[in-house]
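Visitor: just the structure for this:
(2 chains)
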Amino acid sequence: MEYVFKAKGLRKSYGKFAALTDVNMEIPRGAIYGFVGKNGAGKTTLIRLMCGLQRPSSGSYELMGKAFDDKDIVKSRRRMGAVIEEPAIYKGMSARDNLIQQCLMLGIPDFDGVDEILRQVGLTDTGKKKAGNFSQGMRQRLGIGIALCGSPDFIVLDEPINGLDPQGIIEIRELILKLNKEHGVTFLISSHILDELAKIATNFGFIDKGKIIRQMSCEELKSVCRKSIRIKVNDVGLFAKLMEEKALEYRIIDANTADVYADLTFSDIAKDCEKTGCSIITMDERNESLEAFYLSLVGGEDYVPKSIR
Amino acid sequence: MFRNLYADTRSILLNRGFRFALAAIVSWQLLFLLFVWLIQTLFFKEALTAEDVGFSFSSVAVFLVTGSSLYISGDAFSSGCIRNKIISGARRTELFLSAVCGGMFQGVMCSMLACVVSVMVSLLFTGGYMSYSIPEIAEYWIVITMACAAIGAFSTALVMSLGGNQLSYIIGFALAFLLNVVSARIVDKLYPADGLCALTGTKLAAYSFFDRFIPYSYFTATPHYGMGSYVSGCAGLILTSLAAGWMVFRKKELK
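Guide: Numbering: from 1, shown residues only, chains lettered A, B, ... in the order given. Alright, predicted model coming up:
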């Protein structure tokens, strides 16, 4: 398999604090790599190393086949775009001027693609409005637009849907999927919004305390996680007893709610509950697999279904 | 390198801080003209000469050029544009050189605009230069332009080395203020209004060196050394800024 990014034993320390320790990570070409971790887990540090903003303390990485200490790595970087934390925009320029500025910086001789990018990120009607007066969501879109200049092969997005409204989230999601499917652009997306990530990512990397604790494909994730049925009852203790008797996997959410990891029919479970004196208030199917799996990996033990412990 | 330079030049021309500095230069010279004209007309009943108003840029040049270059490069850092250039494959050396050249460019632009406004003001509102010849005035503006370029380079290198944080603004302005005060004091000691210079030995050598080779002092008096001294002084500050700034910036960990 071809990888756009490959890290081997990567370590980054700030004084005595080790932000990354022995990171091994591979991002396959053409993937949408969901990068998941808590605040302070090391996501942004790894992205900074990847983008050449900082140098690793030890270990190495390759970006599109070029080692990080190879002089030609700048050629690989010209084929990538990134939005890290705050979008990098000139606040005194309009959206169009910002894109032209990036084109000039990349040495793109004509600006024909600028209007298309503005359309893709939904900023066509901003006219001469200065980027400094944009809302957070518009700045985020412009940041993504800048990352798209020069048709990159690899795009790094750190929290790309921060500040976007629901419509904006859908548009950005569709844009990512379109660029990935039609142009084969590889994405690394770090996000806290796991549900959103689960909708688009083809691969996942989980980082905790500076270490990559698991990498897996979407298919692998699906095979480890299952759908659950969330049941609200009047007495969760009685319900737990019933689940134990029937040897079904479950977890308690609160005094009235539990998740069951099994195929249940409402009438059967309702009958069983009635026998034990427990009443069902509501019952619905849920799919929180990525969230649950993530918690199981990073030690949210109390909140983890038995099935994936 | 050249595409960086081209992109940086464009961003400077579109920068609010730079435009504000240009507007401030024009406003300052016009307000100074009005102020001097009122004093001359109301109190001294004398005609205005070009000397009275033609060199007014010198008194604000250090602060305007320092402020403008600190704002431009500080803004590029704080908005993430420097970071974005590295991500997009710009080499740090090229990026740094281009930024310093940008700083010099804006210094030159400020000085050239001041020169144009000064000439226009002198031609339209005064009786002309009485005690300076055209070559002397040309030499003055060349020295001022070189000094502005050197200060622009130094301020930009300072921001780049400090990673665009607030400290660079404080250090930049504090240095500009300090060197301006020191320059005035040195000129006062070297060329006293009454009598001869009383300095001797090391102190005289140090004061003369500062007066001759430190561009911040070029704004305090009209040129009184050979052009070689001024070129050396400006080139020295530019090269020192380039060397020191590059050594720090190439290893700098950016956020």
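Visitor: okay, CA-based contacts and neighbour counts for the rest of this
Guide: Fine.
Visitor: need the pLDDT of residue A:307.
Guide: Per-residue pLDDT puts residue A:307 at 42.
Visitor: for residue A:300, same thing?
Guide: pLDDT, residue A:300: 56.
Visitor: can you list the domains in chain A?
Guide: Chain A breaks down into these domains under automatic domain parsing: A:3-217, A:224-308.
Visitor: where does the prediction get shaky in the stretch 101-250 of chain A?
Guide: A:223, A:226 (pLDDT under 70).
Visitor: which parts of it are strands?
Guide: A:154-158, A:186-190, A:203-208, A:211-217, A:228-233, A:250-252 (DSSP state E, counting those that start in this stretch).
Visitor: and residue B:185, which of those is closest to it?
Guide: strand A:154-158 (53.2 Å; CA to CA).
Visitor: picking up where we left off before, packed most tightly, which of the domains of chain A would that be?
Guide: domain A:3-217 (a mean of 19; mean count of other CA atoms under 10 Å in any protein chain shown).
Visitor: now do the contacts for whichever residue of the stretch 201-309 of chain A sits closest to chain B.
Guide: Nearest residue of the stretch 201-309 of chain A to chain B, counting by CA to the nearest CA: residue A:210, 17.1 Å away. Contact analysis of residue A:210 by CA atoms under 8 Å, 6 or more residues apart in numbering or on different chains lists A:18, A:19, A:20, A:21, A:23, A:41, A:42, A:43.
Visitor: near chain A, which residues of the stretch 151-255 of chain B are found?
Guide: Counting by CA under 8 Å from any CA of the partner chain, the residues of the stretch 151-255 of chain B close to chain A are B:252, B:253, B:254, B:255.
Visitor: per-residue pLDDT, the last one?
Guide: In other words, residue B:255. 81.
Visitor: my read: it touches residue A:51, true?
Guide: No. With contact defined as CA atoms under 8 Å, residue B:255 does not reach residue A:51; the gap is 10.6 Å.
Visitor: who touches the longest helix anywhere in chain A?
Guide: Longest helix of chain A, by residue count under DSSP state H: helix A:166-183. Helix A:166-183 is contacted by residues A:30, A:31, A:32, A:120, A:121, A:137, A:141, A:161, A:185, A:186, A:187, A:200 when judged by CA under 8 Å, 6+ apart.
Visitor: how about 6 Å then?
Guide: In this structure, residues lying in contact with helix A:166-183 by CA atoms under 6 Å, 6 or more residues apart in numbering or on different chains are A:161, A:185.
Visitor: check whether stretch A:56-76 contacts chain B.
Guide: Yes. Interface with chain B: stretch A:56-76 contributes residue A:74 (CA under 6 Å from any CA of the partner chain).
Visitor: how far does that stretch stretch from one end to the other?
Guide: This stretch, stretch A:56-76, spans 18 Å end to end (CA to CA, to the nearest Å).
Visitor: all helices of the chain, in order?
Guide: You didn't say which chain, so I picked chain A. Using DSSP H, helices in chain A cover A:43-50, A:73-77, A:95-106, A:112-120, A:136-148, A:166-183, A:194-200, A:218-224, A:236-245, A:266-276, A:289-298.
Visitor: my question was about chain B
Guide: Listed in chain order, the helices of chain B (DSSP H) span B:2-13, B:16-39, B:50-54, B:58-78, B:81-87, B:92-125, B:134-161, B:166-190, B:201-213, B:227-249.
Visitor: any idea which of those scores lowest on pLDDT?
Guide: helix B:50-54 (a mean of 81).
Visitor: how far away is the residue located most distally from the centre of chain B from residue B:37?
Guide: Going by CA atoms, centre = their mean, the residue of chain B most distant from its centre is residue B:45, 34.3 Å out. Taking CA to CA as the measure, residue B:45 falls 10 Å from residue B:37.
Visitor: ok now do residue A:60, which residues does it touch?
Guide: A:7, A:8, A:10.
Visitor: quick check: beta-bridge partners of it?
Guide: Counting by DSSP bridges, residue A:60 is bridged to residue A:8.
Visitor: please report how far it lies from chain B.
Guide: Residue A:60 is 17 Å from chain B, where distance means CA to the nearest CA, to the nearest Å.
Visitor: would you check how far apart the closest residue to residue A:254 other than its chain neighbours and residue A:212 are?
Guide: Residue nearest to residue A:254 in three dimensions, not counting chain neighbours: residue A:236, with 7.9 Å by CA to CA, 6 or more residues apart in numbering or on different chains. In this view, residue A:236 and residue A:212 are 37 Å apart by CA to CA.
Visitor: give me phi/psi at the residue of the stretch 201-309 of chain A closest to chain B?
Guide: Taking degrees, to the nearest 10, you get phi 80, psi 10 for the backbone angles of residue A:210.
Visitor: what's the nearest residue to it if we skip its chain neighbours?
Guide: residue A:20 (3.9 Å).
Visitor: hmm, that neighbour is touching residue A:9, no?
Guide: No. Residue A:20 is beyond contact range of residue A:9, at 9.4 Å (criterion: CA atoms under 6 Å).
Visitor: check the separation of the first and last residues in stretch B:192-204.
Guide: 13 Å.
Visitor: can you give me the buried ones in that stretch?
Guide: residue B:204 (16 or more other CA atoms under 10 Å in any protein chain shown).
Visitor: what sits up against it?
Guide: residue B:190.
Visitor: correct me, but residue B:159 touches residue B:168?
Guide: Yes. Counting by CA under 6 Å, residue B:168 is a contact partner of residue B:159 at 5.3 Å.
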